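In: coordinates only, no sequence provided:
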């Protein structure tokens, strides 16, 4: 009999009970797990550290095999994966239970970005607290937030939290994207929420974009009517050169039909950048000397997304499988990268960066 959503949740609760002594838990946002990120037929549970500053992954990896095998005789085919089939970097344990394959992905200690975000939340909470010791750097940040949005300067903040939940932008109105993009949520005394997108010194990436994985079929042939192709054509990218670069890399000599080359489309580029940036949130980036801060409302979004000119396109070749689009306007210099985030050959990911 097929497992139900309630069954999956019960498994997540059981996992938490055996993981807690190891400083681990199932990701709270998906206690019932979810279809595998890559292998959709398996049930994936993301295991994460409770105290991210203490990495106990080695002990859990050592003991989890025994824990699973001793849990019930109905668990079979327990296997350790040095790299999970559903992750580009984390190990996992997979097993079969009730005719369903499970994959327990074991996250490691916090990376530098996660540490920075956690520390920033703590320091901001201290700034808004009444009796806490306040870091001068974060007092300066508060001053910049107030200056960036006069409406924010008039409210009193009662809570500071890291945002949890989905990061998918598809179908979300641009006016609401700040709620998805924000890393930190400030709640004022009227229960209104203010969102901060936080970047560290090296945080040049400000957005991801979907569609790159549709660019090629399973045989390495570019699909001209795919979302990925339409995205590239908006910037005037020559799809023939994209195909040629990957064919050279993979020693493919199949003749290809010529694809008409389109000029860059300013209105399409603006729409793409509007969705990439979103709006109604604070953009905060740490710099070597302080903070770069602005409030991204409609007026500021128009500045960032309008009159963007493509200055260069770098195509894949023998040494690189990345497609790079360099563009700019009066306010920012941009780099768009299409690449494979899982060390594969053809693109599956699009990143927007400020240079």
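Out: All right, it came through fine. Quantities reported herein were computed from a predicted structural model and do not represent experimental measurements. Residues are numbered from 1 along each chain as shown.
In: CA atoms for contacts and neighbours, from now on please.
Out: Will do.
In: and the residue nearest to residue 5 when sequence neighbours are not counted, what does it touch?
Out: Leaving aside its chain neighbours, residue 5 sits nearest to residue 32 (7.0 Å; criterion: CA to CA, 6 or more residues apart in numbering). Taking CA atoms under 8 Å, 6 or more residues apart in numbering, we find residue 32 in contact with 5-6, 8-12, 45.
In: domains for the chain, by residue range?
Out: According to automatic domain parsing, the chain comprises the domains 5-106, 112-201, 206-354.
In: what about the nearest residue to residue 227 once chain neighbours are set aside, how many residues nearby?
Out: Using CA to CA, 6+ apart and skipping the chain neighbours, the partner closest in space to residue 227 is residue 211 (5.2 Å). Residue 211 has 17 neighbours, counted by other CA atoms under 10 Å.
In: touching, residue 211 and residue 232? I think so.
Out: No: the criterion here is CA atoms under 8 Å, and residue 211 misses it with residue 232 at 10.2 Å.
In: how many residues are close by residue 352?
Out: By other CA under 10 Å, the residues close to residue 352 number 20.
In: bridged to the nearest residue to it once chain neighbours are set aside, which residues?
Out: Nearest in space to residue 352, with sequence neighbours left out and distances taken as CA to CA, 6+ apart, is residue 336 at 4.7 Å. Beta-bridge partners recorded for residue 336 (DSSP bridges): residue 325, residue 352.
In: for residue 194, what are its contacts?
Out: Neighbours of residue 194 in contact, by CA under 8 Å, 6+ apart: 185-188, 281-282.
In: which strand or helix spans it?
Out: Secondary structure assignment for residue 194, by DSSP states H and E: strand 193-199.
In: now that strand: mean pLDDT?
Out: Taken as a whole, strand 193-199 carries a mean pLDDT of 96.
In: immediately after that strand, which helix or strand?
Out: Downstream of strand 193-199, the first helix or strand assigned by DSSP H and E is strand 205-209.
In: name the helices or strands packed onto the following helix or strand past that next one?
Out: Note on strand 205-209: by DSSP H and E, the next helix or strand toward the C-terminus is helix 227-234. Using 3 or more CA pairs under 8 Å, 6 or more residues apart in numbering; DSSP states H and E, the elements in contact with helix 227-234 are helix 239-249, helix 266-277.
In: reformat those helices as TSV; add mean neighbour count and mean pLDDT.
Out: Output for these, formatted as TSV (neighbours: other CA atoms under 10 Å; pLDDT from 0 to 100):
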stretch	mean neighbour count	mean pLDDT
helix 239-249	19	98
helix 266-277	18	97
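In: any idea which of the ones you listed gets closest to residue 257?
Out: helix 239-249 (8.7 Å; CA to CA).
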